[in-house]
Every structure is written in structure tokens, then in C-alpha cells.
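Visitor: Kindly generate the corresponding structure for this input.
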Amino acid sequence: MSPLPREFVNHWRERPGEQSFEDALVWHVLLGEQAAVRTVAAGARQRLAGFGSLHWTPLRWLHLTVQLAGPAAGIGQDVRQEMVARASARLATTAPVTVTFSQVYYHPEAIVLVASPAGALTPVLEAAQAATREVTGARDVPGRPGGDSAWVPHLTLCYSTGEQSAAPVIAALGTTLPPCQVTIDRLSLVLQNGPEQLWDWQRVGDAHLLGGQRRSRPLHPDRSSDRGAGVAGSAGIRSVSSGRNEREPGC
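Guide: Sure, this is the predicted structure:
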């Protein structure tokens, strides 16, 4: 891990030449439905309530970024569903994995919780990379903050939107939080509409970690909000339509 930063900087500053997550399709592990994760994130936000220039991830969209698939404009609906199908096939024999979030990592652009053990999520990363590469031909582009080349699986609590000294923030939150154990059983392809900070996300589909077991009930299309539990497609694939731009207060 990098040493603790001296200062925070704006995560959304201009960075010419960097791959964009705006109007993009991205593979995520979505964690907003996990009550324990929401509790930890809300607690961290409360402890840092006195600090400005921090943009908090809406609880609904708490996530672990796995892989940027590419610009949404260049990837049609059929291609998106084929990517979900390929990822689903790769994860069909992979059992759900359990990770723990406790260690706080301070990046100059964000405050994150690191997933441990990181190696447990390697099959998820490999499935996202392979599905993207096989269907679109895109090179592997693991998630960031900061554009780091090595993938460090993490949950971003908040992003920095300006410059400020990091030391008071670090002192207020600390370097560890009470351990939060999470079982991950799906990988989601998400359409991120517009600028990242708008959180106008729509789930395209889910690839489930089935551990070699077939799903026990038939899957049916769902036209309701993403808060519902509708599914569609073959075993292990969940296609979802969601409402647009539901944001937590203050985000």
C-alpha cells in the first residue's frame, strides 16, 4: 500500500488521455443491498460529517469496481447480453466468496475499504476481463481510483472533490473500522449514464457465482425498478431494468 497522503485532491479533475467512466459500461460487485456494508459506510460518513469536499457514494450504489468494459455508445444491447452470458458461464462453477472490509486505505482522491483476502476475488476479475475481451476485443482495464494499473479490490466510501489536508480526516476516521464480512454471489454489468458523480446507474445483468449448482427456480423478465428482484435469461444470468438516477440525500 502507498503511504498515507498529505493532501486530498479533486478526483474529477481533468485528466487528458485517461479512460473515462462517464457514459460507460462497467463490471461491478454491487454491495448496496448488504445491510452490514451500509451500516459501516453510514458510520464512516457520520464520523466525517464535519469535513467538506467529500462526495459520498450513495448507499444504494456501494460497490466494488472490477472492470471497465468500454464506452456505452460503442456496445449495443446484444453485445451487452453476450458479455453477461460469457461471464455467467465462467462463474457457474465458482462458489460464492466471502471477504472482509476493515482496513481503510487513503488515496489522494478517495477513501476506500480494502477487501481481504484480495485473492478470493480473482475468479470474478478474470470472468469480467475474459467476457469483455472475448466479446468486444477491449484490453483489460481494472478499476481505479487514480488509474492504478494493479487491481486492488475495494469499496469506495467517498471521493475527494477538492484540496484539503489529509491528516485531520485520517485522525477522525482511523485506519481500521469494525470488520464487515460479506459474501459475494454475483457480478453485475452496469450502465453508468453521464458523469460519474450523478450516480445515474442501471444494471444491465448479473452473472451469478453458482458453485456448480443450477438455480432452483425459473428466471423471469423484470420490468420494475432495480430495487426489485426480477431476473431473465438462462441459469446464472440476471437481466435487469431499473429506474433512473435515484440518489441518496446529499449525493
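Visitor: switch to C-alpha atoms for all contacts and neighbour counts from now on
Guide: Fine.
Visitor: how close does the closest residue to Val169 other than its chain neighbours sit to Leu209?
Guide: Residue nearest to Val169 in three dimensions, not counting chain neighbours: Leu48, with 7.0 Å by CA to CA, 6 or more residues apart in numbering. As judged by CA to CA, to the nearest Å, Leu48 and Leu209 stand 35 Å apart.
Visitor: of the two, who's got more company?
Guide: Neighbour totals were compared for Leu48 and Leu209, and Leu209 leads with 25 against 15 (other CA atoms under 10 Å).
Visitor: And Val114, its phi and psi?
Guide: In terms of degrees, to the nearest 10, the main-chain angles of Val114 are phi -90, psi 140.
Visitor: Can you give me every residue that contacts it?
Guide: 101-105, 152-155 (CA atoms under 8 Å, 6 or more residues apart in numbering).
Visitor: which stretches of the stretch 1-150 of the chain form helices?
Guide: Along the stretch 1-150 of the chain, counting by DSSP state H, counting those that start in this stretch, helices occupy 35-47, 77-91, 122-136.
Visitor: Please apply the same query to the stretch 151-251 of the chain.
Guide: Under DSSP H, counting those that start in this stretch, the stretch 151-251 of the chain gives helices at 167-173.
Visitor: hang on, the earlier thing: check the gap between the residue nearest to Val169 and Gln103 for me.
Guide: 17 Å.
Visitor: Tell me where the model's unsure across the protein.
Guide: Counting by pLDDT under 70, the chain shows low-confidence ranges at 1-2, 140-149, 214-251.
Visitor: Try it again at 50.
Guide: Along the chain, segments meeting pLDDT under 50 span 144-148, 217-251.
Visitor: which one's the longest strand in it?
Guide: Across the chain, the longest stretch assigned as strand under DSSP state E is strand 97-107.
Visitor: List the strands paired with that strand, with their directions.
Guide: strand 110-116 (antiparallel), strand 176-184 (antiparallel) (DSSP bridges).
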